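In: sharing a sequence plus its predicted fold:
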Amino acid sequence: MQSFGIALVAALVIGLVNAVLGPILRFLTFPLTFLTLGLFTLVVNALLFWLSAALVRGFRLRNGFWSAPLGSILLSIINALIFWLLGIIGIG
């Protein structure tokens, strides 16, 4: 990352891509996700992460595509923690 502004744009694009394309891809890949007991969701998230990096100029994956699965795993962990915390405080 070269600047905080690029990081904000990248976060916004990741959120938008995940909100718009994520449900569509998850619906289309449901049979594979079901057969792999949910592990294919990490592949879908990695593809969305990689697409976001391709869309934002100045945001790149340091180790090429292999950074996308790592980002996908971290994103899944952070999402799980946020939903868990929201459930504890009674918002979710």
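Out: Arrived safely, thanks for sending.

In: for the lowest-mean-pLDDT helix or strand in the chain, packing partners?
Out: Within the chain, no helix or strand scores below helix 67-88, which has a mean of 84 by mean pLDDT, DSSP states H and E. Helices and strands touching helix 67-88, as assessed by 3 or more C-beta pairs under 8 Å, 6 or more residues apart in numbering; DSSP states H and E, comprise helix 40-55. Backbone N, C-alpha and C define where each C-beta goes, glycine included.

In: pull out the buried positions in the helix it packs on.
Out: Judged by neighbour count using 16 or more other C-beta atoms under 10 Å, the buried positions of helix 40-55 are 40-53.

In: what does the least confident helix or strand of the chain rub up against?
Out: Residues from elsewhere that reach helix 67-88 (C-beta atoms under 8 Å, 6 or more residues apart in numbering): 14, 41-43, 45-50, 53, 61, 92.
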